[in-house]
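[1] with the input below, show me the fold.
(4 chains)
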4 protein chains.
Amino acid sequence: MKSVGIIGANGYTGSELVRLLAFHPKIELQFLYSRSNSDTRISEIYPDLISVCEMTLTNQTEEVDILFLCLPHQESKNWLTENPVKENVLVIDLGNDFRLESNFQDRNFIYGLPEIFKSEMKSAKSIANPGCFATAIQLALLPLAKEKLLAAIYTTGITGSTGAGQSLQSTTHFSWRNDNVSAYKTLTHQHVDEVLLTLNQANENEVQLHFVPWRGDFVRGIFTSSIIKCDLELNEIQERYCDFYKDAAFVTISEKPIDMKQVVNTNRCAIHIEKNKETIVVHSAIDNLLKGASGQAVQNMNIAMDWEENTGLQLKPTAF
Amino acid sequence: MKSVGIIGANGYTGSELVRLLAFHPKIELQFLYSRSNSDTRISEIYPDLISVCEMTLTNQTEEVDILFLCLPHQESKNWLTENPVKENVLVIDLGNDFRLESNFQDRNFIYGLPEIFKSEMKSAKSIANPGCFATAIQLALLPLAKEKLLAAIYTTGITGSTGAGQSLQSTTHFSWRNDNVSAYKTLTHQHVDEVLLTLNQANENEVQLHFVPWRGDFVRGIFTSSIIKCDLELNEIQERYCDFYKDAAFVTISEKPIDMKQVVNTNRCAIHIEKNKETIVVHSAIDNLLKGASGQAVQNMNIAMDWEENTGLQLKPTAF
Amino acid sequence: MKSVGIIGANGYTGSELVRLLAFHPKIELQFLYSRSNSDTRISEIYPDLISVCEMTLTNQTEEVDILFLCLPHQESKNWLTENPVKENVLVIDLGNDFRLESNFQDRNFIYGLPEIFKSEMKSAKSIANPGCFATAIQLALLPLAKEKLLAAIYTTGITGSTGAGQSLQSTTHFSWRNDNVSAYKTLTHQHVDEVLLTLNQANENEVQLHFVPWRGDFVRGIFTSSIIKCDLELNEIQERYCDFYKDAAFVTISEKPIDMKQVVNTNRCAIHIEKNKETIVVHSAIDNLLKGASGQAVQNMNIAMDWEENTGLQLKPTAF
Amino acid sequence: MKSVGIIGANGYTGSELVRLLAFHPKIELQFLYSRSNSDTRISEIYPDLISVCEMTLTNQTEEVDILFLCLPHQESKNWLTENPVKENVLVIDLGNDFRLESNFQDRNFIYGLPEIFKSEMKSAKSIANPGCFATAIQLALLPLAKEKLLAAIYTTGITGSTGAGQSLQSTTHFSWRNDNVSAYKTLTHQHVDEVLLTLNQANENEVQLHFVPWRGDFVRGIFTSSIIKCDLELNEIQERYCDFYKDAAFVTISEKPIDMKQVVNTNRCAIHIEKNKETIVVHSAIDNLLKGASGQAVQNMNIAMDWEENTGLQLKPTAF
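    Numbering: from 1, shown residues only, chains lettered A, B, ... in the order given. From the prediction side, this is the model:
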C-alpha cells in the first residue's frame, strides 16, 4: 500500500480524487489538505462521501509516497516552493502550472496524456495532468497529427458546470444556467496552447486551432466537434484511429454516433468520425472530472507506479 | 379582423401559432385542421391552452383570409394539390417545400426572412417560412455576405428538443436526452442549402458552409457560433451589423456576450461578434419555435398584411 | 395612462414586473428604483429586457400613481417609513410585511388574493400581495374552507430556483441543484401562517396545516399536493370548486391530471382533485413568479384600478 | 466464481445489473437473455457498456448458479412456468410477482429488504426484490413500525424518469418532462400494499399509508417525505433509527438535511428526521435503479451467497 496526500481536497477535482482513491486497492489516503476548510470532515462538504470517506480535512501535511495537487491554476508553484517535497515522491499536478513549462525546481514534469506519453510516465516522479478540454480535443486529433494531416482546425466544445468549480458565480447560478447555452473565452481558451504544443510536436507542421468553448446546462461532461480538411477516405481514417489507440485502455473509436452521457462517470473517451466530401468532423466525449481531470490523474498514477492502468477506474457508468 | 386557418394545428409549430394568434388583435382563428386528432379540443392535447384557446380540431377546412401550413416537410405540396386555395388567400408554409423551389401552381413563394425580403413580402400572397437553424445562421452571417466577405464558414449549432417535434423518438426520450449532448446530420443538415441560397445571392462569391448541428438537453432555443476569416476591425464589423439591422424589429447586436435564454419565448435574435487576430466568431441565439418558426410566421403575416411588424409578438420573455 | 414606480426593480420579482408592465396598455413605467444598481440599465442585468425596457435604474423616486414594493421581506416597512407616500397612491407590497399585520401608518393593507378579496380590493389603496406557496396552497383549499370541511391538511410543495432569488447561494449552485431534490423549512415555512389566517377565517374551525416544501431542479413553477379527509363525493367536490371559482379569471379546475408546466409563464392556477375512499388529494400548479408574485400583483393593480382583470396578463405560455 | 444469467437484460434494471455485475469479483455473466433484442450486442443498445460488457443478447438460456428476472411486472410467473429452473438455483425477481404472494411452484420467495430480512435471506434460493418507492418508504418508516408508533402516514415521493422504463411514452418525452412535475397513481400506487405488508407485520397496529407519487424532471433518484404524528423527542427518535440501522451496510441516518443527489449512483439510502410540535417528518433518498432495484438485487445476492454484503457495490457516487 502506498500512501497518498491530496492538496486542495475540498475542491471539485480534489473531492473527485477522494471518490476514486477511497476504493483504490493499492493506496491508502494519508491526509486531505485544505487551507480553508481544515478540521471539517470532507463528508460534511460532500455528503455523497458519507461512509465512503470520513476523513477530516487538515492544514498539516505528512510524508507520503504520492502527492496530488488540486489547487487553483498557478498556485502549485507557490505551494511546492513553500512546502518542499522529497524527490522520490510522485507529484501529480492537476493545475496548469507545469503543462507548458515542464521544468520546476529539480523536477521535470511529463505531460500526463497517457495515449502519447505512457512510456515517458513509467519512471516519472512529476506529472502535469492535462486540462479537460485539452484532453478531449487532443484525443480527437492526435491520430491525424501523427499522420501530419492537420492544418486549420475548427473546434466547438461544450462543458458541464463542474468545469467552473465550486465557487458561486453568476454563470453557475441555477436560475441562469438551467436550459441555457453561452460561449466564453472565444478563440482564447487557455487550453489551446496546451493542445497546440502536443499537436505541433506530432504534426511537425504548424497547426491552427480555432476553438469556441460553450457552457452547457449539465453538470458533468464535455462534447467536442472538430472540423478539418482531409483527403483520406473515411475507412482509412478510422483504421488509423483504431491503430493509434489499439493499446489505449480508455479510448473507444465508435462506428456509430456517440453521445456525451455514454462516458459520464467513467474514465473513457468516445470518438466518432464522419466525412462529407473533403471535410471530416471528429467528435469526442469525456467526463470532465474523470478523464478530464481526476480519473486521468489516477490513470497516470497507475502508470507511474507500474500498476494495471485501469486499477480503481472500473467505474459503473451512470448511463442515464 | 382577418380569418385564419391552420393546417396541422396539433403539432408543435401549429400549436405555437395558436398560442400567438389567440391574442393577436387583427385576426380571428377560424379553424384548426388536424387529420389525426379531429374532434379533440386542442387544449386537451396542450393543456397550457386551457382558457387561451378552446377550439376543437377539425378535418374540415373553410374559406379564410390567411392559411398557415404546419405539415411535415414535403407534405405541403400534396396538401395544396388536394385542397386548392384561392389565389387571394395569404399562404404561409412552415415546412421546407417552397424554400428552395419557390414556384408552385400559380404561386411564387417569397423566402420569409424579413431582414432581407421584407419589401418583397409586402404584397406577397405566398411565403415560405425559413427553417430554425437556417434563420439563426443567416441572421448571423447576412451582413458579412452583403459586404462580400464570406468564403469558408465553420458553424456549430445546438437546438432544443422541440426541434424534433412531438413524436416519440429515442432521441427525445427524457432518460436519454437529459444532461446529454450529441451531434446529428453532421455536415449534411437540410438547412445548409437554404442558407447557401441566400448567402450566395448576397455574397456573389461561393460560400462554403460546414455545419455541425447538436442536440441539446433543453426544450426551446438555438445557439450557434460561426468561425470565419475576416480582415475588418471588430468595430467596423459591429458597425456594419448595426447598420444592416437598423430597421429590423427583432434583431439585437449585443456588445456584451449573449446567452441563449435571453431570447427564449420571444421572437428576437441576439447576435454577438468577437475577434481574435484574423478570425471572427459570430454567435446568434433564437427561440426555435418563435423566430425559428411560428413567431417568424406571424411576423411575416404582419408584413404581408401591412400591419405593425410586432403586432401580437410583444411577448413576455421567460428570462429564467 | 397611470404612472408606475417599482422599488427594488433589479430583483427577480421586480424585473418580472418590468416584463409585464412594459407591455401593459394602461400604465407607464416612471422609474425603476434600486439602491445597489442605480445608474445601470436594467437590460444590462437582464438582457432579455433588451428592446423591451431600456430604462436605467435610479436611486431617486418620483411621484407616481402606483407604487410596487419588491424589497426583501420586512424591508417594506422601513422603506415606507423613510419615504412617505401620499395616501392616494396605490401601494402594492410584494414582501411579507403586511400580510399578517395589515395596519401600517394610515394604511390598511388588503390581502391580495383576488379569488376571495376581489371586492375589498376594488377601492383599496394598499395591497399585501400573497406569497407564492401561500397562493398555490390557498387556491387548492379555499373551496373546502368555505364549506367548513378542513381540519388536518398534509401538503407537500415543490418550487423552482427563482423562489430563492438572485443572490448566489449553495442551494442555487447549478452543480448542486441540477437533478436534485431536497426539503427545507420542514413544517416551519413562513407561508403557513399566511395560509392559516385565510383558511381559518373561512373555515371557522381550526385548521392544521402540515407543510413540507421541497426545492426542485427547475427554474419557474410550483406544484403542490394536499391530502385531506373528506366525506363528500368527488363530483360534489368538483362542483363546489367549479362554483367557487366561476368568476375567477385565472383559476382552472381540471378534470384531467395537471402538470406544472402547463401554467409556466402564465398567471394561471391549475387545480385537479382526486379521491380514494375517504381521502382526497388536491393538486395545484402556478408559476411562482407570476400568479405567485408579480403576475398576481398586476392582477391586483387591475382590480384596484377598476381595469379588466386580465389586462396585460394574456401571456403566451411557454408550454414546452 | 458463480455463473449468472439475466432474463430481460435489455431493460433499464437488467442493463443496470450488467453494469454492476460486469465488475463483481465473485460472479461471471453467463448469458443475457432478451426475447426482443437477441443477437444484438448489449453495448449497441447501451453504449456506456462499450468495453464494460461486450456480450451479445440471446434468446437461449443456460444452466447457471444465479438467475435474475428483470421482466415487466407479472411476467416472471409465466417465465418460470415456461422455463423450469432447478431448485438449487438462486432466483432473484426484480418484478412485483412474488412480493405479496411469496409461494410459487416449490419456491418460497423472501421479501428482499435486507434491513429486516437479512437472516431469512441467508439460506434463501428465492428472493422477491422490493419496489423502488417501497424501498425508500419502508426504510424511512421501519424503525417507527418496530416501536409500534405508526398509525396514519402521509407520504409524498418523487421519482426519476428511469422509473418509467425505456419504452417511449408521452410522460417520458423530453419536451414534456423537462422542468415539469406531475402526480400519478395518487393514493393508488402499487407499492402501497407492499409497504403495508411489511409495516403491519412490524407495527401490529393497522397502518394507513396515504401516498402521492410525483414524476420528477431528473433521470435517477427518489426522494420521499413522510408526515407522522409522534410523541417521542427528536433525539429519542434519532437514537432508535441509529440503533435499528446499526448493522445496515447501506443506510445513513443524517443529522443534517439530505439531498437526493448525495446517493445517486450508489446503493445507499439517506434518511433525515425533523420534528415540530407533535409531528415528525422523515425524509429518505435512494437511487431508484440501485438501492431501488438492481443494486439491492446484488446486495441480496451477496447475502444469499454469504459474500460480503457490499461486494461489487462500492460505487463511486456521481455527486454532481
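
[2] which phi and psi does the closest residue to chain C within the stretch 1-150 of chain A have?
    The shortest separation between the stretch 1-150 of chain A and chain C is 7.6 Å, found at residue A:12 (distances taken as C-beta to the nearest C-beta). C-beta: built from backbone N, CA, C; applies to glycine. The phi and psi torsions at residue A:12 (degrees, to the nearest 10) take the values phi -70, psi -50.

[3] quick one: contacts for residue A:224?
    With contacts defined as C-beta atoms under 8 Å, 6 or more residues apart in numbering or on different chains, the neighbours of residue A:224 are A:133, A:136-137, A:140, A:155-158, A:283-285.

[4] just the element for it, please.
    Counting by DSSP states H and E, the secondary-structure element that holds residue A:224 is strand A:222-229.

[5] mean confidence score for that strand?
    Here the mean pLDDT over strand A:222-229 is 98, rounded to a whole number.

[6] quick one: list the elements packing against the following helix or strand past that strand.
    Next along the chain after strand A:222-229, taking DSSP H and E as the criterion, comes helix A:234-244. Using 3 or more C-beta pairs under 8 Å, 6 or more residues apart in numbering or on different chains; DSSP states H and E as the contact definition, the elements that helix A:234-244 packs against are helix A:132-146, strand A:251-253, strand A:269-276.

[7] say whether chain D is contacted by the shortest one.
    Yes. Using C-beta under 8 Å from any C-beta of the partner chain, strand A:251-253 reaches chain D at residue A:252.

[8] could you spell out the sheet neighbours of that strand, each with its direction?
    Using DSSP bridges, the strands paired with strand A:251-253 in its sheet are strand A:269-276 (parallel).

[9] which helix or strand lies directly C-terminal to the strand it pairs with?
    Toward the C-terminal end, the helix or strand that comes next after strand A:269-276 (DSSP H and E) is strand A:279-286.

[10] can I get the contacts of residue A:224 in TSV including distance to residue A:91?
    Supplementary listing: the contacts of residue A:224 in TSV, determined by distance: C-beta to C-beta, whole Å:
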residue	distance to residue A:91
A:133	23
A:136	24
A:137	25
A:140	28
A:155	31
A:156	34
A:157	28
A:158	32
A:283	34
A:284	28
A:285	29
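
[11] for the helices and strands packed on helix A:234-244, which one ends up most surrounded?
    helix A:132-146 (a mean of 26; mean count of other C-beta atoms under 10 Å in any protein chain shown).

[12] what residues does the stretch 1-150 of chain A have near chain C?
    residue A:12.

[13] ok, back up a step: any chance of a markdown table for the helices and strands packed on helix A:234-244, columns mean pLDDT and distance to residue D:30?
    Output for the helices and strands packed on helix A:234-244, formatted as a markdown table (pLDDT from 0 to 100; distance: least, C-beta to C-beta, whole Å):
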| stretch | mean pLDDT | distance to residue D:30 |
| --- | --- | --- |
| helix A:132-146 | 97 | 35 |
| strand A:251-253 | 98 | 25 |
| strand A:269-276 | 98 | 28 |
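
[14] can you count the residues close to the residue of the stretch 1-150 of chain A closest to chain C?
    Burial measure for residue A:12: 24 neighbouring residues, criterion other C-beta atoms under 10 Å in any protein chain shown.

[15] now residue A:123
    Burial measure for residue A:123: 9 neighbouring residues, criterion other C-beta under 10 Å.

[16] tell me the contacts of it?
    For residue A:123, the set of contacting residues under the criterion of C-beta under 8 Å, 6+ apart consists of residue A:304.

[17] what does residue A:264 give?
    Counting by C-beta under 8 Å, 6+ apart, residue A:264 makes contact with A:220-221, A:287, A:317-318, B:179, D:48, D:318.

[18] how close does residue A:296 sit to chain B?
    To chain B, residue A:296 is 20 Å away according to C-beta to the nearest C-beta, to the nearest Å.

[19] ok, now which ones touch that residue?
    A:112-114, A:129-130, A:135, A:267, A:290.

[20] residues of the stretch 151-300 of chain A that sit close to chain C?
    Residues of the stretch 151-300 of chain A lying near chain C (C-beta under 8 Å from any C-beta): A:160-162, A:166, A:168-170, A:172-175, A:177-179, A:217-219.

[21] and chain D, which of those residues contact it?
    Among those, the ones lying near chain D by C-beta under 8 Å from any C-beta are A:160-162, A:178-179, A:219.

[22] helix, strand, or coil at whichever residue of the stretch 101-250 of chain A sits closest to chain D?
    Taking C-beta to the nearest C-beta as the measure, the stretch 101-250 of chain A has residue A:219 as its residue closest to chain D, at 4.5 Å. Look at residue A:219: counting by DSSP: H, G, I helix; E, B strand; the rest coil, its state is coil.

[23] pretty sure it contacts residue C:179?
    Yes. With contact taken as C-beta atoms under 8 Å, residue A:219 and residue C:179 are classed as touching, separated by 7.3 Å.

[24] report the set of residues contacting both of these two.
    With C-beta under 8 Å, 6+ apart as the test, residue A:219 and residue C:179 both reach residue B:179.

[25] can you tell me the closest non-neighbouring residue to residue A:60?
    residue A:31 (7.2 Å; C-beta to C-beta, 6 or more residues apart in numbering or on different chains).

[26] residues touching that neighbour, list them.
    Residues in contact with residue A:31 (C-beta under 8 Å, 6+ apart) are A:5-6, A:55, A:58, A:60-62, A:64.

[27] show me which of those residues is closest to residue B:74.
    The shortest separation between residue B:74 and any of the contacts of residue A:31 is 59.1 Å, and it belongs to residue A:6 (by C-beta to C-beta).
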